[in-house]
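>>> show me the folded form of this:
(one chain, ligands or ions: 1)
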Amino acid sequence: MKNSPALAFVKGHGTQNDFVILPDRQAQIELTEELTAALCDRQRGLGADGVLRVATAGSLVAEGVLERLPDGVSGVDWFMDYRNADGSIAEMCGNGVRVFAHFCRAEGLVDSDEFTVGSRAGARPVRIHSADETDAEVSVSMGPVVLEGAGRVGIAGRTLTGEAVDVGNPHLACVVDGLTVADLAGLDLTTGAELDAAQFPHGANVEILTPLTAASDGGSADFHAHMRVFERGVGETRSCGTGLVAAAAAALSGAGRESGAVAITVPGGDVLVTVADGSAVLRGPSRLVARGELLAGWAD
Ligand SMILES: N[C@@H](CCC[C@H](N)C(=O)O)C(=O)O
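Numbers count the residues shown, from 1 in each chain. Next comes the predicted model:
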């Protein structure tokens with residue numbers, strides 16, 4: 001790309017779903033697809049699953065990045081302008097919101113442990129349970145979780161059936177009968193995911209989940225499961241917050257339940273999803289790992 005700009009950045013991750021965070025209060029960075037993809041490139045850029053631009057919602061509207069303020073978001077709210085590694089825009093990112101909230105708190109952009117993060121899917125209230133410069137534990141109210149019926153995907157050399165779930169962004173959550181943790185670990189997710197374009201005109205993220213087992217650790221979960229994910233616009237990632245919510249809701253529904261708390265282990269760590277009354281809370285860690293500056297021309 002030509003004239004790649006000098007940029008201040010912070011790098012962080014939520015259960016190893018990793019992000020380049022761009023502080024840009026007044027939305028002055030021209031965050032093109034090309035720039036985003038270069039930032040996320042693990043050879044020529046910083047490397048990440050996605051980019052989180054940190055701007056006020058009002059400035060993104062003023063600069064034409066957003067057409068209007070999404071539901072429940074006010075102009076002064078901090079807005080997570082999320083981009084996938086291929087440069088595409090997605091409506092929501094559950095791990096991203098935890099990392100974004102941690103960044104806002106650690107940088108002093110907010111002075112409370114409870115505040116609202118704006119996203120294209122609407123307002124996402126967050127609660128920071130603990131935070132220091134590097135580590136935080138954050139809960140995110142993820143909004144409505146809508147089960148939309150059965151779907152199919154060709155993935156890992158098999159055809160899987162699952163439940164289409166809207167968590168602000170689209171998912172197909174596949175709970176596979178009899179799938180063991182070893183089977184799950186052995187799946188080859190490098191060859192992509194083939195979805196029905198009529199059912200998912202904008203693509204979807206695909207989750208593969210072991211069946212629920214009763215939680216045995218005496219913690220706050222009712223159930224436990226293991227999951228891997230193939231993300232739209234990225235490929236396999238080590239975790240996906242919206243995918244974890246979609247998977248928990250689909251698995252509970254498959255077990256005849258509308259609510260419950262599900263602890264899920266992904267390659268990048270562990271989170272807790274609590275589903276009740278058609279919505280969900282996602283609780284998990286955030287880590288900020290580096291701070292630096294890209295030099296002008298870094299991607300030319
Ligand atoms: N990793 C994210 C989801 C990011 C967006 C997704 N790839 C999409 O295109 O919908 C998460 O933690 O939710």
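>>> helix, strand, or coil at residue 105?
The three-state assignment at residue 105 reads helix, by DSSP: H, G, I helix; E, B strand; the rest coil.
>>> show me what from the stretch 1-150 of the chain comes close to the ligand.
17, 50, 84, 90, 93-96 (CB under 6 Å from any ligand atom). Yep, even glycine has a C-beta here, placed from its N, CA and C like the rest.
>>> let's see if you can find the most crowded of those residues.
Counting neighbours by other CB atoms under 10 Å, the top entry in those is residue 95, with 36 neighbours.
>>> related to what we said a few turns ago, farthest-apart pair in the residues of the stretch 1-150 of the chain next to the ligand, please.
Largest separation among those by CB to CB: 84 and 94, giving 13.7 Å.
>>> against residue 111, how distant is residue 186?
48 Å (CB to CB, to the nearest Å).
>>> go through the residues of the stretch 1-150 of the chain next to the ligand and flag which are in helices.
Among those, the members falling in helices (DSSP state H) are 94-96.
>>> got the contact list for residue 250?
Contacts for residue 250 (CB atoms under 8 Å, 6 or more residues apart in numbering) come out as 147, 162-163, 165, 173, 175, 207, 209.
>>> most neighbours out of the residues you listed, which is it?
residue 207 (32 neighbours).
>>> quick check: which element contains it?
Per DSSP states H and E, residue 207 falls inside strand 205-209.
>>> confirm that residue 31 sits in a helix.
No - applying three-state DSSP, one finds residue 31 to be coil, outside a helix.
>>> spatially nearest residue to it (excluding sequence neighbours)?
residue 53 (5.7 Å; CB to CB, 6 or more residues apart in numbering).
>>> does that neighbour count as helix, strand or coil?
strand.
>>> ok, how many other residues are close to it?
21.
>>> who's it bridged to?
Listed beta-bridge partners, residue 53: residue 22, residue 81 (assigned using DSSP bridges).
>>> distance of it from residue 93?
For residue 53 relative to residue 93 (CB to CB), the value is 12 Å.
>>> what do those two both touch?
Common neighbours of residue 53 and residue 93 (CB under 8 Å, 6+ apart) are 80, 82.
>>> would you say residue 35 is within a helix?
Yes - secondary structure of residue 35 (three-state DSSP): part of a helix.
>>> so which residues of the stretch 1-150 of the chain form strands?
When secondary structure is read from DSSP state E, counting those that start in this stretch, the stretch 1-150 of the chain shows strands at 7-14, 17-23, 50-56, 78-84, 114-119, 122-131, 135-144, 146-155.
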